[in-house]
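**Student:** Structural data only, the sequence is not supplied:
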Ligand code: SIN
Ligand code: MN
């Protein structure tokens with residue numbers, strides 16, 4: 001849904017998310033087994049948060065560094081979920097992925113949710129990104145699209161189990177985020193976990 005959020009709504013949402021991150025600072029997760037650091041930093045909003053460390057991928061109610069509960073989901077994200085997800089229950093987690101100029105996210109399937117059929121709703125804020133999406137098998141053919149600030153993507157139905165990732169960021173393509181967050185992109189993914 002290109003341009004779902006107006007520039008004013010994007011500014012308000014980015015402001016709410018950045019304010020919440022003061023209480024749940026972005027941290028750099030590591031990959032299971034290898035412990036290799038990801039090139040994105042992460043945090044979460046909502047009752048549960050997705051984390052990755054040497055013990056694996058999972059959802060936890062507290063921030064792995066501060067030990068505090070994740071901040072509440074901003075009202076605008078609950079409204080978005082109601083408007084576009086078609087799912088009767090509210091989201092339980094919002095993963096906040098923070099990309100710098102050189103960050104990327106390898107092809108993966110979101111598969112750590114018990115609510116396997118609930119859609120994943122994504123919001124892009126800040127610099128553009130090349131988003132890649134394929135099929136249920138890792139070696140299925142893929143296609144890509146550019147996501148701009150304010151765009152919303154809903155992974156529902158068959159696409160819910162499709163591999164996807166972020167090839168690259170286009171630094172300096174948005175002036176939405178405050179200077180300290182530039183160049184950069186914030187992606188929010190809303191999930192129903194249980
Ligand atoms: C994700 O798959 O968790 C994030 C996708 C994105 O950054 O657009
Ligand atoms: Mn994902």
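**Tutor:** Okay, I see it. No experiment lies behind these values; they were computed from the predicted model shown. Ligands and ions are numbered 1, 2, ... in the order given.

**Student:** near ligand 1, which residues of the chain?
**Tutor:** For the chain, the residues found near ligand 1 under the criterion Cβ under 6 Å from any ligand atom are 95, 97, 105, 122, 131, 147, 164, 166, 187, 189. All C-beta spots, glycine's among them, are computed from the backbone N, C-alpha and C.

**Student:** residues in contact with the helix or strand the last one falls within?
**Tutor:** The one in question is residue 189. Taking DSSP states H and E as the definition, residue 189 sits inside strand 185-191. Contacts of strand 185-191 with the rest of the structure, by Cβ atoms under 8 Å, 6 or more residues apart in numbering, involve 14, 17, 45, 50, 73, 77, 80-81, 85, 91-99, 103, 110, 113, 115, 118, 120-129, 147, 166, 169, 174, 177.

**Student:** In helices, which of these appear?
**Tutor:** The members of the contacts of strand 185-191 that map onto helices under DSSP state H are 14, 17, 77, 80, 81.

**Student:** The residue of the chain found nearest ligand 1 - how many residues pack around it?
**Tutor:** For the chain, the nearest residue to ligand 1 under the criterion Cβ to the nearest ligand atom is residue 187, separated by 3.3 Å. Here the number of neighbours of residue 187 (other Cβ atoms under 10 Å) works out to 22.

**Student:** Who is it paired with across the strands?
**Tutor:** Under the criterion DSSP bridges, residue 187 forms beta bridges with residue 97, residue 124.

**Student:** And the pLDDT for the spatially closest residue to residue 65 that is not a sequence neighbour?
**Tutor:** With sequence-adjacent residues excluded and distances taken as Cβ to Cβ, 6 or more residues apart in numbering, residue 65 is closest to residue 27, at 5.1 Å. Among the per-residue scores, residue 27 shows a pLDDT of 97.

**Student:** what do you get for the one 5 residues further on?
**Tutor:** The predicted structure scores residue 32 at 91 on the pLDDT scale.

**Student:** That one and residue 53 touch, don't they?
**Tutor:** Yes: using Cβ atoms under 8 Å, residue 32 is in contact with residue 53, at 7.3 Å.

**Student:** Contact partners for residue 3?
**Tutor:** For residue 3, the set of contacting residues under the criterion of Cβ under 8 Å, 6+ apart consists of 148, 150, 151.

**Student:** Please report how far the last one lies from residue 19.
**Tutor:** As defined by Cβ to Cβ, to the nearest Å, residue 151 lies at a distance of 22 Å from residue 19.

**Student:** Looking only at neighbour counts, state which of these two leads.
**Tutor:** In this view residue 151 and residue 19 are compared by other Cβ under 10 Å, and residue 151 has more residues nearby, 22 against 11.

**Student:** Quick check: the gap between the more buried one and residue 73.
**Tutor:** For residue 151, the distance to residue 73 under the criterion Cβ to Cβ works out to 19 Å.

**Student:** what ranges do the strands span in this structure?
**Tutor:** All strands of the chain, identified by DSSP state E, fall at 41-45, 49-53, 56-60, 93-99, 105-108, 120-126, 128-133, 143-147, 152-155, 164-170, 185-191.
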